[in-house]
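Novice: Here's a sequence, model it:
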Amino acid sequence: MGLQRNFIACVRCASTNAPKITTHYTVVPRESDPRWKDVDMSRVADETDVLIVGAGPAGLSAAIRLKQMAAQRQEEIRVCVLEKAAEVGGHILSGAVLEPRALNELFPDWADMGAPVTMKVTDDRFGILTETKRFPVPLFAGIPMHNHGNYIIRLGNLVRWLGEQAEQLGVEIYPGYAGSEILFHPDGSIKGIATNDVGIHKDGSPKDSFERGMELHAKITIFSEGCHGSLSKQLFKKFDMRSKCQPQTYGIGLKEVWELDPKNHIPGLADHSVGWPLPNHTYGGSFMYHLDEGQPLAAIGFVVALDYDNPYMSPFKEFQRWKQHPYISKFLVGGKRLAYGARALNEGGFQSLPDLTVPGGMVIGCSAGFLNVPKVKGTHNAMKSGMVAAESILETLDKDDQETEGVHVKCFEKKMRDSWVWDELERVRNVRPAFHKYGRYGGIMYTGITQLFFRGKEPWTFQHHAPDHACLKPAAECQPIEYPKPDNKISFDLLSSVALTGTNHEDDQPAHLTLLDDSVPEDHNLRIYEGPESRFCPAGVYEYVPKEAGEGLRLQINAQNCIHCKTCDIKDVSQNINWVTPEGGGGPAYSGM
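Specialist: Predicted coordinates:
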């Protein structure tokens with residue numbers, strides 16, 4: 001990695017003729033741009049007690065619990081939630097099978113309240129795939145993937161319902177507003193956030209309609225942006241919140257919703273598999289969940305760990321190839337694909353949990369990394385972390401012992417350590433690294449033995465390896481992968497898939513996929529790794545196209561395609577891509593994903 005950093009540094013010094021790609025103000029400062037000289041850059045500000053960034057399961061659970069407890073105490077507390085999607089649930093994507101433990105605590109009578117949680121798992125399957133066969137593996141009680149008592153849901157629908165409950169309790173939710181900047185008090189504690197500016201041309205100049213973002217100040221700001229949030233990333237770096245944990249490791253989850261031929265539909269089926277088409281040492285697997293909503297619907301998906309080493313791998317094409325397996329395709333024949341999407345997910349688990357609090361701020365849910373990978377579930381842990389955060393905030397506000405202007409909720413981390421979330425993650429801490437250490441079959445054996453006989457209490461803890469972006473090998477050391485062409489019946493091409501996401505961004509705005517150095521993609525990523533960003537992106541954002549003059553290829557960024565999965569920010573081998581928020585409301589328009 002030292003040689004790689006030195007190479008990039010040399011490229012940045014030597015390359016002065018690279019085509020201009022990035023125009024975003026986070027890379028090209030406005031202070032030195034004469035087009036911004038006379039623009040009014042003042043912001044309007046508002047005050048709240050608790051500010052929550054992200055209206056997902058964690059953020060909404062925190063907001064709901066705050067209002068519930070305040071009502072019990074006959075107190076007033078203002079809670080505001082910002083959501084970058086145009087509507088609550090619009091950027092939510094998950095499998096999903098829900099373990100209702102946290103929902104039971106938040107709303108004990110959720111069934112009577114009309115929560116969209118109705119389809120119990122009735123048929124729980126797990127198998128190992130070879131290229132042509134499937135070998136079933138029994139799921140005993142105690143194995144993390146055992147789904148007795150769980151529900152097949154569409155998480156976007158549940159999040160929308162949680163938003164409705166929150167608003168009924170008095171929570172203020174503002175969809176279409178993206179948090180773009182963390183604000184600080186003079187003492188260094190968090191003051192709140194600013195929403196992004198709007199009305200900027202693609203070339204970085206102000207439009208006549210330019211409007212400065214708004215500042216929201218709070219006693220406490222909760223970051224619940226989901227996996228690899230753009231503000232959480234800044235927070236971790238500024239406060240060195242990952243200094244005491246191992247590197248986070250990630251996967252990319254790709255999902256489709258299908259309407260099946262009724263004769264192939266098994267309501268309540270939860271079917272998981274590992275194996276083909278992934279190589280032995282590439283962690284990943286698949287799911288198929290059959291819903292019952294008046295239509296023969298099924299959610300199918302494929303997860304690829306982002307620590308893979310072959311730059312020729314395309315997670316999207318692996319997903320399409322997986323659907324052609326005889327066991328999988330028999331469910332899809334005669335059906336119709338209705339929706340597609342993708343999202344990065346945390347896989348580091350217990351070993352990768354950062355510090356959870358700083359003065360004025362907290363991280364919860366998948367922003368912190370509470371996903372239980374072997375369970376293939378994280379919603380229950382995300383919700384519980386939000387509820388514990390709310391309880392910790394009110395306990396802290398009852399005291400008058402703050403040393404900083406931003407309230408430091410120090411008790412949150414201890415309360416999380418004492419919760420069932422911490423115990424659950426600790427018990428499965430070795431599963432993910434065991435697959436990296438022993439390969440697929442060794443990992444399966446290790447998981448079965450330790451979970452059945454030790455219940456995850458083995459007296460050792462495996463370490464994670466290097467960050468995912470550092471795992472790619474140069475293209476010269478790897479074999480290109482030949483993928484079958486889509487048949488447009490079961491497997492499909494990338495652009496027709498992206499069309500199903502409903503993705504939309506204002507075209508005349510600076511690309512929010514920013515490059516710290518515009519020369520690196522061509523001089524480093526393409527030259528050494530054959531441009532892996534053109535393959536790991538599940539939406540066709542990064543494309544190497546012929547140069548207008550001269551020979552060779554240049555990088556083209558199709559920012560309007562971006563589905564906000566964050567994979568590029570994670571897997572980019574040079575760590576030159578920095579994902580920032582586009583204008584609020586942009587991105588995918590998922591419906592019940």
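Novice: For the residue nearest the centre of the chain, give me the pLDDT.
Specialist: Nearest to the mean C-alpha position of the chain, by CA atoms, centre = their mean, lies Cys227 at 3.3 Å. Reported pLDDT at Cys227 in the predicted model: 98.
Novice: got a list of what the closest residue to it other than its chain neighbours touches?
Specialist: Leaving aside its sequence neighbours, Cys227 sits nearest to Cys366 (CB to CB, 6 or more residues apart in numbering; 4.6 Å). Bear in mind the C-beta positions are built from the backbone N, C-alpha and C, glycine included. By CB atoms under 8 Å, 6 or more residues apart in numbering, the contact list for Cys366 reads Gly56, Ala58, Gly226, Cys227, Leu345, Asn346, Gly378, Ala382.
Novice: so who does the closest residue to the second one other than its chain neighbours touch?
Specialist: It refers to Ala58. In this structure, Ala58 finds its nearest non-sequential neighbour in Gly365, 2.7 Å apart by CB to CB, 6+ apart. Residues counted as contacts of Gly365 (CB under 8 Å, 6+ apart) are 54, 56-59, 224, 226, 378, 381-383, 385-386.
Novice: and those residues, which of them are in helices?
Specialist: Pro57, Ala58, Gly59, Asn381, Ala382, Met383, Ser385, Gly386 (DSSP state H).
Novice: out of those, who's nearest Pro108?
Specialist: Within the ones in helices among the contacts of Gly365, proximity to Pro108 (CB to CB) peaks at Met383, which comes in at 13.7 Å.
Novice: Just confirm the closest one contacts Asn104, I think it does.
Specialist: No. At 10.2 Å, Met383 does not count as touching Asn104 under the criterion of CB atoms under 8 Å.
Novice: Looking at these two, which is more packed in?
Specialist: Between Met383 and Asn104, counting by other CB atoms under 10 Å, Met383 is the more crowded of the two (33 against 13).
Novice: For the stretch 401-550 of the chain, just list every one of the helices.
Specialist: For the stretch 401-550 of the chain, applying DSSP state H, counting those that start in this stretch gives helices covering 411-417, 420-427, 431-449, 494-498, 520, 527-529, 533-536.
Novice: quick one, which of the ones you listed is nearest to Leu235?
Specialist: The nearest among the helices of the stretch 401-550 of the chain, by CB to CB, is helix 411-417 at 14.5 Å.
Novice: how about Gly275, what does it touch?
Specialist: Here Gly275 is in contact with Gly127, Ile128, Leu129, Thr130, Gly285, Arg440 (criterion: CB under 8 Å, 6+ apart).
Novice: distance of it from Thr447?
Specialist: 15 Å (CB to CB, to the nearest Å).
Novice: Let me know whether the residue nearest to the centre of the chain touches Glu347 as I believe.
Specialist: No. Counting by CB under 8 Å, Cys227 sits too far from Glu347 to count as a contact (9.6 Å).
Novice: list residues touching both of those two?
Specialist: Common neighbours of Cys227 and Glu347 (CB under 8 Å, 6+ apart) are Tyr250, Leu371.
Novice: Can I take it that the residue nearest to Cys227 is in a helix?
Specialist: Yes. If the criterion is DSSP: H, G, I helix; E, B strand; the rest coil, then Cys366 is within a helix.
Novice: how much space between it and Leu291?
Specialist: In terms of CB to CB, Cys366 sits 23 Å off from Leu291.
Novice: go on, Leu103?
Specialist: According to CB to CB, Leu103 stands 18 Å off from Leu291.
Novice: just Val333 next, same as before
Specialist: For Val333 relative to Leu291 (CB to CB), the value is 19 Å.
Novice: count of neighbours near the residue nearest to Glu83 when sequence neighbours are not counted?
Specialist: Excluding the flanking residues, the one nearest Glu83 by CB to CB, 6+ apart is Ala55, at 3.7 Å. Around Ala55 there are 30 other residues, counting by other CB under 10 Å.
Novice: Out of the contacts of Gly275, which one has the lowest pLDDT?
Specialist: Scoring these by pLDDT puts Arg440 last, at 92.
Novice: of the helices of the stretch 401-550 of the chain, which approaches Asn561 most closely?
Specialist: Between Asn561 and these, the shortest gap by CB to CB is with helix 494-498, which sits at 5.5 Å.
Novice: okay, the closest one in PDB with CA atoms only?
Specialist: In PDB, the C-alpha atoms belonging to helix 494-498 read as follows (Å, rounded to 0.1, in the frame of the first residue of the first chain):
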ATOM      1  CA  LEU A 494     -27.600  -3.300 -16.300                       C
ATOM      2  CA  LEU A 495     -29.300  -0.300 -17.900                       C
ATOM      3  CA  SER A 496     -32.700  -1.900 -18.100                       C
ATOM      4  CA  SER A 497     -32.300  -2.800 -14.500                       C
ATOM      5  CA  VAL A 498     -31.400   0.700 -13.400                       C
END
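Novice: ok, residues contacting that helix?
Specialist: Taking CB under 8 Å, 6+ apart as the rule, helix 494-498 contacts Glu256, Phe316, Tyr340, Asn488, Pro538, Ala539, Gly540, Asn561, Ile563.
Novice: next one: stretch 314-328
Specialist: The contact list for stretch 314-328 (CB under 8 Å, 6+ apart) reads 127, 129, 131-134, 252, 254, 273, 276-278, 284, 286, 288, 300-302, 304, 329, 332, 342, 481, 483-484, 486-487, 490-492, 494, 497, 535-536, 538, 567.
Novice: Would you work out how far apart the start and end of that stretch are?
Specialist: 20 Å (CA to CA, to the nearest Å).
Novice: which one is Ala342 nearest to, not counting chain neighbours?
Specialist: In space, and not counting its chain neighbours, Ala342 is closest to Pro538: 3.8 Å by CB to CB, 6+ apart.
Novice: what's the neighbour count on that neighbour?
Specialist: Using other CB under 10 Å, Pro538 has 29 other residues around it.
Novice: residues touching it, list them.
Specialist: Pro538 touches Ile252, Leu254, Pro315, Phe316, Ala342, Leu494, Ile563, Cys565, Thr567, counting by CB under 8 Å, 6+ apart.
Novice: same question, Arg78
Specialist: Taking CB under 8 Å, 6+ apart, we find Arg78 in contact with Thr48, Asp49, Val50, Glu172.
Novice: And those residues, which of them are buried?
Specialist: Thr48, Asp49, Val50 (16 or more other CB atoms under 10 Å).
Novice: Could you pull out the helices in the stretch 251-400 of the chain for me?
Specialist: Under DSSP H, counting those that start in this stretch, the stretch 251-400 of the chain gives helices at 315-322, 326-332, 365-368, 379-397.
Novice: which residue sits closest to Phe412 in space, ignoring its chain neighbours?
Specialist: Per CB to CB, 6+ apart, closest to Phe412 is Ser392, 4.0 Å.
Novice: residues contacting the one you found?
Specialist: By CB under 8 Å, 6+ apart, Ser392 lies in contact with Met362, Val409, Cys411, Phe412, Lys415.
Novice: re earlier: would you tell me which one of the helices of the stretch 251-400 of the chain is buried the most?
Specialist: Highest mean neighbour count among the helices of the stretch 251-400 of the chain (mean count of other CB atoms under 10 Å): helix 365-368, with a mean of 30.
Novice: What count of nearby residues applies to the residue lying closest to Leu555 once chain neighbours are set aside?
Specialist: Spatial nearest neighbour of Leu555, chain neighbours left out: Pro521 (4.0 Å); criterion: CB to CB, 6+ apart. The number of residues packed near Pro521 is 28, by other CB under 10 Å.
Novice: measure Pro521 to Arg212 for me?
Specialist: Distance of Pro521 to Arg212, given as CB to CB: 32 Å.
Novice: Ser534 too?
Specialist: Counting by CB to CB, the gap from Ser534 to Arg212 is 36 Å.
Novice: Give me the buried subset of the contacts of Gly275.
Specialist: When the contacts of Gly275 are checked for burial by 16+ other CB under 10 Å, the buried set is Gly127, Ile128, Leu129, Gly285, Arg440.
Novice: ok, these vs Gly199, which is closest?
Specialist: Proximity of the buried ones among the contacts of Gly275 to Gly199 (CB to CB) peaks at Gly285, which lies at 44.2 Å.
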